[in-house]
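Colleague: Pasting the sequence and the predicted coordinates here, then a few questions.
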Number of protein chains: 2
Amino acid sequence: MKIDRRSTQPLYAQLKELLIDRIRQQTYEPGQQIPSEMALCQELSLSRPTVRQAIAELVSEGILIIIKGRGTFVADEPERIEVKNLIAGQFSLLMARSLELQMHVEIEKVAGDAELDRLFGTADGPVHPGYWSIAWQQAENGQTYAFCRTLVPVSMFPELGPDLQQGKRMIDITANKYAYLPQKTAGRLFVRQARTEESQILDISRNAPVLVLSSRSTSRSGNVCEVSTAALRADLVALNLDSGRS
Amino acid sequence: MKIDRRSTQPLYAQLKELLIDRIRQQTYEPGQQIPSEMALCQELSLSRPTVRQAIAELVSEGILIIIKGRGTFVADEPERIEVKNLIAGQFSLLMARSLELQMHVEIEKVAGDAELDRLFGTADGPVHPGYWSIAWQQAENGQTYAFCRTLVPVSMFPELGPDLQQGKRMIDITANKYAYLPQKTAGRLFVRQARTEESQILDISRNAPVLVLSSRSTSRSGNVCEVSTAALRADLVALNLDSGRS
């Protein structure tokens, strides 16, 4: 990338792009000092006010930081919330050992429809009492990073809704229901634009990407016992995977 | 979301946003028919040309499709390239069984520097011959979806560069080098903006998000034998995770 003096784009804006480019290409790495204003003026034949304006805007955007008496540095990448030992059922309600549901939990009973029943493989089965639809948020250090929504058949856990509303712990709710607990979970991770509700809850713009983990759990008895979707703030989380050779 | 007649934003643009909102909220789902022009006119008290223009733009943007004689439908989401049974070493060179390296493979020998040596835990070790830096692309149906770059210490695999250049298969290259093959791999998945080189190779815009899998493999002998980074097209891939209860 070069400064183009015949472009209609102002020189300071071009310099901003050039500096961002160098940061992306890791010519200048996070935490590293960038050349001084004077050095940039000389290298690119730019005036001091042009260089100063580009740097000032990058500082106000949080891309560069000025440390008094030392110089201008590339800001460190924000620390991410690390999700350890990622598994397909990471955001499953039935597999949660110590779900903190005190806040922001919404519990609703929804009737089965053709689409839901297909998801659970009960499309051609007998009439059933529908599904618990449960939504909650996960936060770390006061920062909401995940919005989770899960569905569990009412027939398998008739008391799930009231139990959660009364503040019962998942470990007590699921005790002795082994036949209906997840034995296998298939998960699918992908990135898409946030839906309206997700963007509001995660406090991100409507076009921001979210990392979605959707999963479907099957019980020992072979029935689908939970279908869940978690939308994670793509700018905030990192998922850790470990594998050993067995 | 409502149509605001006193807004400076044209009505057709407001209607576009309203329709996108309903699609995101899944009021209208992928593959589903949306209300007719007439029904939208009536529901929202808009003129026919306004509704027509909004729909025409959404069709040209690929969000809606018109099926002749049937109506206007929400376009299906693009099919994603499914990465099955995701593991931390998914894009590791040493763990590849049948890497298709025929095309677009770049092999370079790089000298160790403080940062690389820290990554491999050889910062205070004796002088060594550096690292193989190997870059390749993965494609499916002619569509490049991953750009991978990996580092392997030359001391562990002295012939890796020439062997790959001569078209040797990874299974033959790694045979009998058990002490230096990955036994454990720690991976980290996150989303960030594409770097310049990644955006060029993956054919995406410079601000598009990529899904990054970075991983670090340790051999049976306890040495770091590979450090790799794969940048995946966030709009194209889905990663499948499976877990069973053991």
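Modeller: Yes, it's here. Numbers count the residues shown, from 1 in each chain, chains lettered A, B, ... in the order given.
Colleague: next helix or strand past the least confident helix or strand in chain A by mean pLDDT?
Modeller: Within chain A, no helix or strand scores below helix A:114-119, which has a mean of 84 by mean pLDDT, DSSP states H and E. Note on helix A:114-119: by DSSP states H and E, the next helix or strand toward the C-terminus is strand A:131-140.
Colleague: now the following helix or strand past that following strand: how far from the chain's centre is it?
Modeller: Toward the C-terminus, strand A:131-140 is succeeded by strand A:143-153 as the next helix or strand (DSSP H and E). Computed by C-alpha atoms, centre = their mean, to the nearest Å, the separation of strand A:143-153 from the middle of its chain amounts to 11 Å.
Colleague: Compute the number of surrounding residues for the closest residue to A:L160 other than its chain neighbours.
Modeller: What sits nearest to A:L160 in space, not counting adjacent residues and going by C-beta to C-beta, 6 or more residues apart in numbering or on different chains, is A:W132, at 5.0 Å. Just so you know, the C-beta spots here come from the backbone N, C-alpha and C atoms, and that holds for glycine as well. If you count neighbours by other C-beta atoms under 10 Å in any protein chain shown, A:W132 ends up with 23.
Colleague: my guess is A:W132 contacts A:E106, does it?
Modeller: No: the pair A:W132 / A:E106 is not scored as a contact, 10.7 Å apart, by C-beta atoms under 8 Å.
Colleague: Now look at stretch A:183-199 and say if it contacts chain B.
Modeller: Yes: using C-beta under 8 Å from any C-beta of the partner chain, stretch A:183-199 reaches chain B at A:183-193, A:195-197.
Colleague: Give me the buried subset of those residues.
Modeller: Buried by 16 or more other C-beta atoms under 10 Å in any protein chain shown: A:183-193, A:195, out of the residues of stretch A:183-199 next to chain B.
Colleague: Closest one to A:A146 out of the residues you listed, please.
Modeller: A:L189 (12.9 Å; C-beta to C-beta).
Colleague: Now for the closest one: which residues touch it?
Modeller: A:211-213, A:239, B:86, B:189, B:238-241 (C-beta atoms under 8 Å, 6 or more residues apart in numbering or on different chains).
Colleague: Of the residues you listed, which is the nearest to A:V152?
Modeller: Among the contacts of A:L189, A:L213 lies closest to A:V152 (C-beta to C-beta), at 16.9 Å.
Colleague: how about the residues of chain A near chain B?
Modeller: So chain A meets chain B at A:21, A:24-26, A:80, A:86-89, A:182-193, A:195-197, A:206, A:209, A:211, A:213, A:215, A:234-235, A:237-245 (C-beta under 8 Å from any C-beta).
Colleague: The same query, at a cut-off of 6 Å, please.
Modeller: A:24-25, A:87-88, A:183-191, A:195-196, A:209, A:211, A:234, A:238-245 (C-beta under 6 Å from any C-beta of the partner chain).
Colleague: Spatially, which residue comes closest to the residue sitting nearest the centre point of chain A, not counting chain neighbours?
Modeller: Per C-alpha atoms, centre = their mean, the C-alpha nearest to the average position across chain A is that of A:L232, at 1.9 Å. In this structure, A:L232 finds its nearest non-sequential neighbour in A:L211, 4.4 Å apart by C-beta to C-beta, 6+ apart.
Colleague: does the one you found really touch A:A234, like I thought?
Modeller: Yes: in this structure, A:L211 is within contact of A:A234 by C-beta atoms under 6 Å, at 4.9 Å.
Colleague: between these two, what contacts are shared?
Modeller: B:V191 (C-beta atoms under 6 Å, 6 or more residues apart in numbering or on different chains).
Colleague: Compute the number of surrounding residues for the nearest residue to A:P129 once chain neighbours are set aside.
Modeller: Of all residues not flanking A:P129 in the chain, A:V154 sits nearest, at 4.2 Å (C-beta to C-beta, 6+ apart). By the measure other C-beta under 10 Å, the count of residues near A:V154 is 19.
Colleague: One more: A:G31?
Modeller: 11.
Colleague: Mind pulling the model confidence for it?
Modeller: For A:G31, the pLDDT comes out at 88.
Colleague: Also the one 5 residues further on?
Modeller: Here, the pLDDT recorded for A:S36 equals 93.
Colleague: which residue ranges form the helices in chain A?
Modeller: A:11-24, A:37-44, A:48-60, A:114-119, A:160-165, A:170-174, A:196-202 (DSSP state H).
Colleague: Nearest to A:F147, out of these?
Modeller: helix A:196-202 (4.6 Å).
Colleague: returning to that earlier point: using TSV, please lay out the contacts of A:L189 together with distance to A:L11.
Modeller: Converted to TSV, the contacts of A:L189 look like this (distance: C-beta to C-beta, whole Å):
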residue	distance to A:L11
A:L211	38
A:V212	41
A:L213	45
A:L239	41
B:L86	46
B:L189	39
B:A238	43
B:L239	43
B:N240	48
B:L241	48
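Colleague: what's the closest of those to B:A39?
Modeller: A:V212 (31.5 Å).
Colleague: Tell me, how many residues neighbour A:S133?
Modeller: Neighbours around A:S133, by other C-beta under 10 Å: 16.
Colleague: list the contacts for it?
Modeller: Neighbour list for A:S133: A:108, A:110, A:151 [criterion: C-beta under 6 Å, 6+ apart].
Colleague: Count residues in the vicinity of the last one, would you?
Modeller: Okay, so that is A:L151. 22.
Colleague: Equivalent analysis for the first one, please.
Modeller: The number of residues packed around A:E108, counting by other C-beta under 10 Å, is 11.
Colleague: Endpoints of stretch A:126-133, how far apart?
Modeller: In stretch A:126-133, first residue to last residue: 20 Å (C-alpha to C-alpha, to the nearest Å).
Colleague: Just the buried positions in it, please.
Modeller: Buried residues in stretch A:126-133 (16+ other C-beta under 10 Å): A:130-133.
Colleague: From the residues you listed, pick the one nearest B:L58.
Modeller: Relative to B:L58, the closest of the buried residues of stretch A:126-133 is A:S133; by C-beta to C-beta it sits at 29.4 Å.
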